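[1] predicted model and sequence below, questions to follow.
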Amino acid sequence: MQGAWVLLLLLGLGLRLSLGVIPVEEEDPAFWNRQAAQALDTAKKLQPIQTAAKNLIIFLGDGMGVSTVTTARILKGQENDKLGPETPLAMDGFPYLALSKTYNVDRNVPDSAGTATAYLCGVKTNYMTIGVSAAARFNQCNSTWGNEVISVMNRAKKAGKSVGVVTTTRVQHASPAGTYAHTVNRNWYSDADMPAEALKEGCQDIATQLVSNMDIDVILGGGRQYMFPSGTPDPEYPDDAARSGVRLDSRNLVQEWQAKRQGARYVWNRTALIQASQDPSVTHLMGLFEPKDMKYELYRDPQQDPSLREMTEAHKTLGPGSRAFPPAQAKPGMQGAWVLLLLLGLGLRLSLGVIP
């Protein structure tokens, strides 16, 4: 289905080009000269930002390289009866833009575990490892200790600020896990995914670290089955054993998380998310909307699963009792709430093009 969608997009571009739907003004060199002059004038007027930021929001489109961004421009343009490539996204108007070099210490082509460690912890590391330096070795549990590196989200929490993670993947996936986990194997989602030797040596699975490593105010995404004991029926798919809980240690991590936090609310569908986000008594929110990764926007059930936009909106309406949102309601001395949101998926790429 996705392949067909991309093919239609490309065919649409070819059709428009073959039909000669080219703006008349683009045939005039003066049009391009004016654009260049405007861009240069804007750049010359840029001034350094001297004030300190109160909040930090990181939007991450996993796999969002130059070619993907170009595709988003084309799609946005064609949805508005244009050729497409000339259509600017909202982020094209940002005053500062840059490219980064992506690689792992031991690989030219990186994975999202090593890159998450780089942009969240400021330290490049090895393939398949999260939240540890390159001195740690893939799949070697005992190389974890002493090689942990601290994420910007962890530093923000220690500074008294509020933090959150929003993702369309499972919340234990490599990119979001970079905010809170330290592991030598990105696939250690639950204890069922770990070798006996690693468990014996004391390494923790990523789901356990999600609820124990730091106090995260908002957690939204997929990944239900890694939080519940093996055989626990999934609330959305109760008759599908493959989507039941998988933990072998019999722990209910959601219950443990709630027990430690007064005002904590767990939800697993869109309706409950909206209700929780409007409840002033909710101070911590965990929403897990699929057993593993959430569905692509193309296949999402709008009655059952929240959209990426709805998840990012939900944090804004947590009540006055919350330490987290909005910044105007932060506790005295917090210097404003610090929000770290990881937003993954094609929906984000398109949203960057349509948000005014």
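    Perfect, I can see it now. Note that the structure is predicted; figures quoted are calculated from it, not measured.

[2] so which helix or strand takes in residue 135?
    Using DSSP states H and E, residue 135 sits in no helix or strand.

[3] over to residue 197?
    helix 196-201.

[4] buried residues in that helix, which are they?
    The neighbour-count check on helix 196-201 (16 or more other CB atoms under 10 Å) flags 198-199 as buried. All C-beta atoms are positioned from the backbone trio N, CA, C, and that covers glycine.

[5] and what of stretch 160-172?
    For stretch 160-172, a neighbour-count test (16+ other CB under 10 Å) marks 161-172 as buried.

[6] please apply the same query to stretch 73-83.
    Across stretch 73-83, burial judged by 16+ other CB under 10 Å covers 73-78, 82-83.

[7] where in the stretch 251-356 of the chain is pLDDT low?
    Applying pLDDT under 70 to the stretch 251-356 of the chain picks out residues 316-356.

[8] tell me which of the buried residues of stretch 160-172 is nearest to residue 290?
    Among those, residue 170 lies closest to residue 290 (CB to CB), at 7.6 Å.

[9] okay, strands next: where are they in this structure?
    Taking DSSP state E as the criterion, the chain carries its strands at 164-170, 218-222, 264-267, 284-288.

[10] just put these in a markdown table and tack on distance to residue 88.
    Formatted as a markdown table, the strands of the chain follow (distance: least, CB to CB, whole Å):
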| stretch | distance to residue 88 |
| --- | --- |
| strand 164-170 | 25 |
| strand 218-222 | 29 |
| strand 264-267 | 37 |
| strand 284-288 | 33 |
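
[11] the spatially closest residue to residue 111 that is not a sequence neighbour - how many residues pack around it?
    Spatial nearest neighbour of residue 111, excluding adjacent residues (CB to CB, 6 or more residues apart in numbering): residue 127 at 5.7 Å. Residue 127 sits with 17 neighbouring residues when counted by other CB atoms under 10 Å.

[12] can you report how many residues lie near residue 312?
    The number of residues packed near residue 312 is 20, by other CB under 10 Å.

[13] I figured it hits residue 166, correct?
    Yes: with contacts counted by CB atoms under 8 Å, residue 312 reaches residue 166, the gap being 5.7 Å.

[14] isn't residue 276 up against residue 282?
    Yes: using CB under 8 Å, residue 276 is in contact with residue 282, at 5.2 Å.

[15] overlap of the contact sets of those two?
    Common contact partners of residue 276 and residue 282 (CB atoms under 8 Å, 6 or more residues apart in numbering): residue 265.

[16] can I get the buried residues of stretch 160-172 in JSON lines including distance to residue 199?
    Formatted as JSON lines, the buried residues of stretch 160-172 follow (distance: CB to CB, whole Å):
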{"residue": "161", "distance to residue 199": "33"}
{"residue": "162", "distance to residue 199": "33"}
{"residue": "163", "distance to residue 199": "28"}
{"residue": "164", "distance to residue 199": "30"}
{"residue": "165", "distance to residue 199": "25"}
{"residue": "166", "distance to residue 199": "30"}
{"residue": "167", "distance to residue 199": "26"}
{"residue": "168", "distance to residue 199": "30"}
{"residue": "169", "distance to residue 199": "24"}
{"residue": "170", "distance to residue 199": "21"}
{"residue": "171", "distance to residue 199": "21"}
{"residue": "172", "distance to residue 199": "17"}
